[in-house]
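J.: how would this look folded up:
(2 chains)
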Amino acid sequence: MIRDFIKSREAILVAALIALVLVVESRFSGFAAPGNLASVFNDTSILIILALGQTLVILTRCIDLSLASNLALTGMVTAMINAAMPGVPVAALIAIAIALGVIMGMFNGILVWKLDIPPIVVTLGTLTIYRGLIFLISGGEWVNSHEMGAAYKAVPRFELLGLPVLSWIAIAVIAGFAVLVNRSALGRAFYAVGGNPHAAVYTGIDVGKTRFAAFTIAGGLAGLCGYLWVSRYAVAYVDVAGGFELDVVAACVIGGISIAGGLGTVTGAVLGALFLGTIKNALPVAGISPFWQLAISGAAIIIAVAFNAQSNRKQGRIILKSAEHAQ
Amino acid sequence: MSLAEDTRSRSLPDRLHGRGTRILKSWELLLFGIAVLIFVANTQASPYFLDPWNLSDATFNFTEKAMIGFAMALLIISGEIDLSVAGIIALASTAMGWALQFGVGTPGLVAIGLAVGLLCGAFNGVLVTRLGLPSIVVTIGTMSLFRGISYIVLGDQAFNGYPDSFAWFGRGYVFWVISFELTLFAIFAAIYALVLHKTNFGRHVYTIGNNPTAARFSGIRVERVKMILFLLTGLMSGIAAICLTARLGSTRPSIAYAWELEVVTMVVLGGVSILGGSGSILGVVIAALVMGMVTFGLGLLNVPGIVMSIFIGALLIGVIAIPRLVAKLRRA
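T.: From the prediction side, this is the model:
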């Protein structure tokens, strides 16, 4: 088992991540300090959660480009409710955020499932629709920090056992996913649907329904992140998390989730997100202008996908492998 | 059945419908009907819509995007996609602005715009055809990379001061209300329609999109065709960059932001299957008109741009979902 791990993509990613941290540490001491690493993790929490949701969708041979718009819309809704009705408890707002995210995810999922519309078309459409709805409900106005309640802003920052709640939520989601993906029938169904949809049908898996489930879960997580994002940065406006959908896809690709479906792990997605998050945090430390960030993300995606393609040729974790050539 | 997209099997009827039936049932006709409806709605909604100069202004909403859309249509028909087109515009525009600082004249600027477009297309093409990488991921990467380079060069600055002779590409009129861009749009529409529908190369594009393996066994050089399509898409993005930069008169790294989504929307709205293998240039032309008119008509009604994007997004999903929904209900 240890030997398997050393040869795996995850091990290479871990090595790359450690190397990255050490390189930054060698030039700017203090970066690798536990406290700083914890804050890098905290900064990356939202990306990790979304990347995990996206992983499920990509595993089933789909893609969800609407996650960032979903996040921004739910974030705006919770902020506006909070500003207008400070009496509504934060727990209720979080529940609303998740429910709203689930509904948006289900909308994507139902179009893919029942009407067979290609996921990239569906989510390209809902990406603009969800984003546009923010403008409609807010009238283009911002919800600023002073309009939000203290409790609303405090939750993600509240420290528990040395880590902010935001980090704990990410850890809980990671743990939940480890169980869902590796230890549940639905988790195996995601791989089966993406690995070989025909074989999946013959084993009694409803391909459309499984995809619907993936979109729904991803949507719910995006809704949760909507609250987390807006409360953490204490501002809500139309362009919140603009372009973030691509960061999420990038994290998955770097983490070795194959865009062709059926291939990838929870660990990979988390590491991919952490890799991207570490780069983003290292840039200001290294005194590099934030304007470099986009080009570096792009280069990282290209290198990662080229690298993954090479290693995929040698081995693949496709279940139902024997049926692979039957289609 | 949800496997339709995976099997790609198409039932082959014994005989095709007559020409008339085919036209009546075509996507293009449906789309044309929508275009006419929007046109009529616009004339009713605003008294300013029918002014020739207003209509001429309206064309700028789609000409640049549609030029990229033609090449993108071929690329999508062949089963690939290029999400980096807006990134290419940003990079080409930045390169032109940078050259401008050294006193490069209009011919030089145009050459640089075209060259950067081609180089970016070549870069995408090599990654996809030589390394065998999925184009959707590659071009998500290069989209960030190309625009990222613009941000590195420009940061929060802008290049200004393009010469008047250069501005003509974006603001010039060939005849009365017919702008240079509109002329270019029409010329490219004709060229791409000819190439796709009347040449061997066009047939190859369809064949590759329907079945790359069969295409290879029939002696089509699949990688070469795809490489050419990526080069074309890059080149068209370079041309769009020239027009847009000339029209705006300045270069910022955020130029043409999120255009890739609008271009893909236009192509898909035009009836090109996102799964590859089918579509027509006529469809893309009508889709361009539809999107341009929706944007412009709503603009006359003072509807903000972001709200228009809701219409565009709903249009994209709606035109694909409604026929499928109707077919489903009819079967039930």
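
J.: Could you count how many residues lie near whatever residue of the stretch 1-150 of chain B ends up closest to chain A?
T.: Of all residues in the stretch 1-150 of chain B, the one sitting closest to chain A is residue B:148 (2.6 Å; C-beta to the nearest C-beta). C-beta: built from backbone N, CA, C; applies to glycine. When neighbours are counted by other C-beta atoms under 10 Å in any protein chain shown, residue B:148 registers 24.

J.: The closest residue to it other than its chain neighbours: what's it in contact with?
T.: In space, and not counting its chain neighbours, residue B:148 is closest to residue A:295: 2.6 Å by C-beta to C-beta, 6 or more residues apart in numbering or on different chains. Residue A:295 makes contacts with B:144-145, B:147-149, B:151-152, as judged by C-beta atoms under 8 Å, 6 or more residues apart in numbering or on different chains.

J.: now do 7 Å
T.: By C-beta atoms under 7 Å, 6 or more residues apart in numbering or on different chains, the contact set of residue A:295 is B:144-145, B:148-149, B:151-152.

J.: for residue A:214, same thing?
T.: Taking C-beta under 7 Å, 6+ apart, we find residue A:214 in contact with A:56-57, A:60, A:62, A:190.

J.: which stretch of helix or strand covers it?
T.: helix A:207-233 (DSSP states H and E).

J.: quick one, the helix or strand following that helix and helix A:207-233 angle?
T.: Remark: after helix A:207-233, the chain's next helix or strand is helix A:244-254, criterion DSSP H and E. Taking axes from the mean of the first three to the mean of the last three C-alpha atoms, to 10 degrees, one finds that helix A:244-254 is oriented at 120 degrees with respect to helix A:207-233.

J.: buried sites along helix A:244-254?
T.: Of the residues in helix A:244-254, A:244-254 count as buried by neighbour count, 16 or more other C-beta atoms under 10 Å in any protein chain shown.

J.: How about residues contacting it?
T.: The contact list for helix A:244-254 (C-beta under 7 Å, 6+ apart) reads A:47, A:50-51, A:54-55, A:58, A:65, A:67-68, A:127, A:259, A:269, A:272-273, A:275-276, A:297, A:300-301, A:304-305, B:137, B:140, B:144.

J.: Repeat the analysis, applying 8 Å as the threshold.
T.: A:13, A:47-48, A:50-51, A:54-55, A:58, A:63-69, A:71, A:127, A:259, A:264, A:269, A:271-273, A:275-276, A:297, A:300-301, A:304-305, A:308, B:137, B:140-141, B:143-144.

J.: is any part of the helix or strand just after that helix close to chain B?
T.: Per DSSP H and E, the first helix or strand lying C-terminal to helix A:244-254 is helix A:266-285. No. Helix A:266-285 is not in contact with chain B by C-beta under 8 Å from any C-beta of the partner chain; minimum separation 11.0 Å.

J.: With just CA atoms, put helix A:266-285 into PDB.
T.: C-alpha atoms of helix A:266-285 as PDB (Å, rounded to 0.1, in the frame of the first residue of the first chain):
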ATOM      1  CA  VAL A 266     -10.500  13.300  -3.200                       C
ATOM      2  CA  THR A 267      -6.900  13.600  -2.000                       C
ATOM      3  CA  GLY A 268      -5.900  14.800  -5.500                       C
ATOM      4  CA  ALA A 269      -8.600  17.500  -5.600                       C
ATOM      5  CA  VAL A 270      -7.600  18.800  -2.200                       C
ATOM      6  CA  LEU A 271      -3.900  18.800  -3.100                       C
ATOM      7  CA  GLY A 272      -4.600  20.500  -6.400                       C
ATOM      8  CA  ALA A 273      -6.500  23.300  -4.600                       C
ATOM      9  CA  LEU A 274      -3.800  23.600  -2.000                       C
ATOM     10  CA  PHE A 275      -1.100  23.800  -4.700                       C
ATOM     11  CA  LEU A 276      -3.000  26.700  -6.300                       C
ATOM     12  CA  GLY A 277      -3.700  28.300  -3.000                       C
ATOM     13  CA  THR A 278      -0.100  28.100  -1.900                       C
ATOM     14  CA  ILE A 279       1.000  29.800  -5.100                       C
ATOM     15  CA  LYS A 280      -1.500  32.600  -4.600                       C
ATOM     16  CA  ASN A 281      -0.300  33.100  -1.000                       C
ATOM     17  CA  ALA A 282       3.400  32.900  -1.900                       C
ATOM     18  CA  LEU A 283       3.200  35.600  -4.600                       C
ATOM     19  CA  PRO A 284       2.700  38.600  -2.200                       C
ATOM     20  CA  VAL A 285       5.200  37.200   0.200                       C
END
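
J.: Understood, closing this out.
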